[in-house]
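1. following is a predicted model, sequence given first.
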Amino acid sequence: MDRLAELAGFKVTLAGDTVGSSAKEAAASLQDGEALVLENVRFDARETSKDDAERGAFADELVALTGDNGAYVDDAFGAVHRKHASVYDVATRLPSYLGDLVHTEVEVLRKLTADTQRPYVVVLGGSKVSDKLAVIDNLIGKADTILVGGGMLFTFLAAAGHKVASSLLEEDQIPVVQDYLKRASDAGTEFVVPTDVVVAEKFAADAAHETVAADAIEDSSFGAQGIGLDIGPDSAAAFASRIKGAKTVFWNGPMGVFEFEAFSAGTRAIAQALTETEAFTVVGGGDSAAAVRTLGFADDQFGHISTGGGASWSTSKARNFPASASWTARQYPPSSPQAGRLPARQPAGRSLIKTFWRLRDFVYERRFRPQALHRGQLENEHGPRAGHYPPAEAGLDLSDAKHDYSRVEVAVFPPFTDLRGVQTLVQGDDLDIAYGGQDLSQFDSGAYTGDISGQFLNKLGCKYVLVGHSERRTIHNESDDVLNAKVKAAFKHGVTPVLCVGEGLEVRQAGTHVNHTLEQLRAGVAGLTSEQAAELVVAYEPSGPLAPVKLPDRRTHRRCAPPSAPSWPRCSMPMSLPRPACSTADRSRPTTPPPS
Ligand SMILES: Nc1ncnc2c1ncn2[C@@H]1O[C@H](COP(=O)(O)OP(=O)(O)O)[C@@H](O)[C@H]1O
Ligand SMILES: O=C(OP(=O)(O)O)[C@H](O)COP(=O)(O)O
């Protein structure tokens, strides 16, 4: 703790338990600018329970330690792929952010997999055999070569019918490996399994050992007692030569028990080969990173050293981590003062904009082709054409635009059929753009064919969802009550609703648009908690689609915007109300909270 406090520059205390009396007392006496480290959360069996209720109960107790104004920052990349209470469940209960380390890891690893240079060689070892075997499923057909070492090699040898004495073996995984071997030959992926193994008398640093052929492990002097603790020199040389011919190498898991000098040669040979190849190299995994450092290699001899093994594989598959839907799109601002205040959901000075499709002075109207997004059609230079809107086009247009993302957040709302494409593009290219659905059902599940549940949007990583966009109010006749239910459904599923309010042409011409809009807003926010009200985004979106498109002037926008609105519904916390997208200058002004 002393060293941690020295590095952090503030007081750090250690609790003797996780959620017991020591933790509670220490949390209660925590002062602004101090940190409390809890005892290892895995000491509580509920942390890793498969039972949602058990994990949830533990998460509730952890969350209670943060008091009334807690937030969650996940910077434990190595465990980020786990659906554990302190990783997943806590993130669903508090405003959540991803930390600097997770952000950097995801950025580097996604870039690697977005454009993998071939030959792509994967080196797998270590002792978490079933974890690593699960990874292989996704590598068949993608990797050119998979080099098998570490504890998992014995399951491969057993799958080929060889005896492995007392070596690490997961017998129930033998059929899985046999299936992989069969599929790999069709898919063009080659497995390279060691031809020689270092076998020890026992699991100890000073154990007697000898090198034997991989298909004759029980023929060593130690018979059925022998334990394979490293790959042999011939195998290491064969692996090294594959690595040298690669363009991309991903290594996860030591080749042997490198912690014992006598069984570290295989791991050392692989590390050496990685430093000598022209390929882009990634070393992933807590133990693999420790191995290269323990064996005397420098970090800068590798393309990237990832702190997560399992986590790096989840990243490389571009698959969402269990908790990622709960994180805000932003990382925890590294520049913000760490002591004291945690950031609000909408960091100060930033506001959300959405695509106000009908506003001619929308800054990206020409570049972004908002109508294409809205209608599910692409208008290209040759005119409109039906069919899927290619998200790549809009994404590239947006990312090319000279836009100050630190001041104004950009969110796109494509048709549902394109959400997955937008997700891939945004994550793959790491675009600083949020995305959301155009509507959601007020129901979680049931016989509502064609409707989109908030759960689906959450799984697709949507940060936002539009609620009550004008067509929903006019063509689909969605009442204020229905829209209020949709707002609540969005919050329930961890997606921030963008409540659309605004008048049609007739109302505007009658001059009652301010009251009309306020009524919609009051009904839309009814029953929200103050925290939800603070997170809600309100979009003033005048002019219905059926009316001839007559755009409101700037004065109308200003009158409907928060500062001049005569009375906002009572909320115990200020709501986050972005200004209408009248002009860039308007948007850059700080949001004025409504009177409470
Ligand atoms: N043949 C083997 N038998 C037993 N343990 C092994 C063997 N080869 C490697 N290991 C152990 O695997 C551990 C690392 O495995 P793992 O956690 O899966 O790697 P990583 O953290 O890099 O993903 C090391 O402690 C190493 O001693
Ligand atoms: O070392 C870790 O992961 P890794 O072995 O996948 O690199 C992390 O501490 C996660 O450990 P876990 O696999 O027990 O969840």
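-> Sure, I can see it. Ligands and ions are numbered 1, 2, ... in the order given.
2. would you mind listing what in the stretch 1-150 of the chain touches ligand 1?
-> Neighbours of ligand 1 within the stretch 1-150 of the chain, by C-beta under 6 Å from any ligand atom: 125-128, 150. For glycine as for every other residue, the C-beta is placed from the backbone atoms N, C-alpha and C.
3. what subset of the residues you listed is buried?
-> Among these, those classed as buried by neighbour count (16 or more other C-beta atoms under 10 Å) are 125-126, 128, 150.
4. wait, which of those is closest to ligand 2?
-> K128 (5.7 Å; C-beta to the nearest ligand atom).
5. which residues touch the closest one?
-> Neighbouring residues of K128 by C-beta atoms under 8 Å, 6 or more residues apart in numbering: 253, 309-310.
6. just to revisit the earlier point, the residues of the stretch 1-150 of the chain next to ligand 1: which ones sit near ligand 2?
-> Okay, of those touching ligand 2 (C-beta under 6 Å from any ligand atom), that's K128.
7. tell me the one of the residues of the stretch 1-150 of the chain next to ligand 1 nearest E531?
-> Checking these against E531 with C-beta to C-beta, the nearest one is K128 at 38.9 Å.
8. so, low pLDDT: which residues of the stretch 351-500 of the chain?
-> Under the criterion pLDDT under 70, the flagged ranges of the stretch 351-500 of the chain are 351-408, 428-430.
9. same check on the chain?
-> 111, 316-408, 428-430, 543-596.
10. let's have the residues of the stretch 1-150 of the chain next to ligand 1 in JSON lines, adding distance to R472.
-> Listed next are these as JSON lines, based on distance: C-beta to C-beta, whole Å:
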{"residue": "G125", "distance to R472": "54"}
{"residue": "G126", "distance to R472": "52"}
{"residue": "S127", "distance to R472": "54"}
{"residue": "K128", "distance to R472": "48"}
{"residue": "G150", "distance to R472": "55"}
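11. of the residues of the stretch 1-150 of the chain next to ligand 1, which belong to strands?
-> Among those, DSSP state E puts none in strands.
12. close to ligand 2: what parts of this structure are there?
-> Residues of the chain lying near ligand 2 (C-beta under 6 Å from any ligand atom): 78-79, 82, 128, 285-287, 308-310.
13. hmm, try it at 5 Å
-> Selection of the chain residues close to ligand 2 by C-beta under 5 Å from any ligand atom yields 78-79, 285-286, 309-310.
14. how many residues are close by R522?
-> 16 (other C-beta atoms under 10 Å).
15. so it sits in a helix?
-> Yes. R522: assigned to a helix according to DSSP: H, G, I helix; E, B strand; the rest coil.
16. for V73, see how far away it is.
-> 35 Å (C-beta to C-beta, to the nearest Å).
17. Q532 now?
-> For Q532, the distance to V73 - C-beta to C-beta - is 21 Å.
18. strands of the stretch 151-300 of the chain, residue ranges please.
-> With strands called from DSSP state E, counting those that start in this stretch, the stretch 151-300 of the chain shows them at 190-192, 196-200, 209-213, 227-231, 248-252, 280-284.
19. hey, which of those is tucked in deepest?
-> Highest mean neighbour count among the strands of the stretch 151-300 of the chain (mean count of other C-beta atoms under 10 Å): strand 227-231, with a mean of 29.
20. that one pairs with which strands, and in what direction?
-> strand 196-200 (antiparallel) (DSSP bridges).
21. so T315 lies in a helix, does it not?
-> Yes. Assigned with three-state DSSP, T315 falls within a helix.
22. near ligand 1, which residues of the chain show up?
-> 126-128, 150-151, 168, 253-254, 256-257, 285-288, 309.
23. buried residues of stretch 106-118, list them for me.
-> Of the residues in stretch 106-118, those buried (16+ other C-beta under 10 Å) are 106, 108-110, 112-113, 116.
24. just the endpoints, please. Distance across stretch 223-241?
-> Its start and end residues considered, stretch 223-241 measures 31 Å (C-alpha to C-alpha, to the nearest Å).
25. stretch 131-150 now?
-> Note: stretch 131-150 ends 13 Å apart using C-alpha to C-alpha.
26. return the member of the contacts of K128 nearest to A64.
-> Closest to A64, out of all of the contacts of K128 and judged by C-beta to C-beta, is G310, at 29.3 Å.
27. give the contact list for the closest one.
-> With C-beta under 8 Å, 6+ apart, G310 has these contacts: 78, 81-82, 128, 131, 135, 285.
28. take the buried residues of stretch 106-118 and write them to CSV, including secondary structure.
-> Converted to CSV, the buried residues of stretch 106-118 look like this (three-state DSSP):
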residue, secondary structure
V106, helix
V108, helix
L109, helix
R110, helix
L112, helix
T113, helix
T116, coil
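29. count the neighbours of the residue in the stretch 1-150 of the chain positioned nearest to ligand 2 for me.
-> Nearest to ligand 2 in the stretch 1-150 of the chain, going by C-beta to the nearest ligand atom, is G78, at a distance of 3.4 Å. When neighbours are counted by other C-beta under 10 Å, G78 registers 20.
30. wait, a helix at it?
-> Yes. Assigned with three-state DSSP, G78 falls within a helix.
31. now it: closest residue in space, sequence neighbours ignored.
-> Once flanking residues are discounted, G78 sits nearest to G308: 4.2 Å by C-beta to C-beta, 6 or more residues apart in numbering.
32. what helix or strand does A311 sit in?
-> helix 310-316 (DSSP states H and E).
33. phi first, then psi, for the residue of the chain positioned farthest from its centre.
-> Distance to the chain centre peaks in the chain at S221, reaching 49.9 Å (criterion: C-alpha atoms, centre = their mean). Dihedral angles of S221 (phi, psi; degrees, to the nearest 10) stand at phi -60, psi -20.
34. that one - nearest residue in space that isn't next to it in sequence?
-> E210 (6.3 Å).
35. so that neighbour touches V198, yeah?
-> Yes. Look at E210 against V198 with C-beta atoms under 8 Å: they come within range, at 7.4 Å.
36. follow-up on the earlier one: could you dump the buried ones among the residues of the stretch 1-150 of the chain next to ligand 1 to TSV with distance to P497?
-> Below are those laid out as TSV (distance: C-beta to C-beta, whole Å):
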residue	distance to P497
G125	47
G126	44
K128	40
G150	48
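37. name the nearest of those residues relative to ligand 1.
-> The closest of these, once distances to ligand 1 are taken by C-beta to the nearest ligand atom, is G126, at 2.5 Å.
38. what is the burial count for the nearest residue to the closest one once chain neighbours are set aside?
-> In space, G126 comes closest to G253 once its chain neighbours are excluded; the distance is 2.7 Å by C-beta to C-beta, 6+ apart. The number of residues packed near G253 is 26, by other C-beta under 10 Å.
39. can you pull the contacts of G253?
-> Taking C-beta under 8 Å, 6+ apart as the test, what G253 contacts is 123-128, 132, 149-150, 152, 285, 287-288, 309.
40. let's see that with 6 Å instead.
-> 124-126, 132, 150 (C-beta atoms under 6 Å, 6 or more residues apart in numbering).
41. over to V41?
-> 18, 47, 86.
42. give me the phi and psi for the first one.
-> Read it as T18. phi -90, psi -50.
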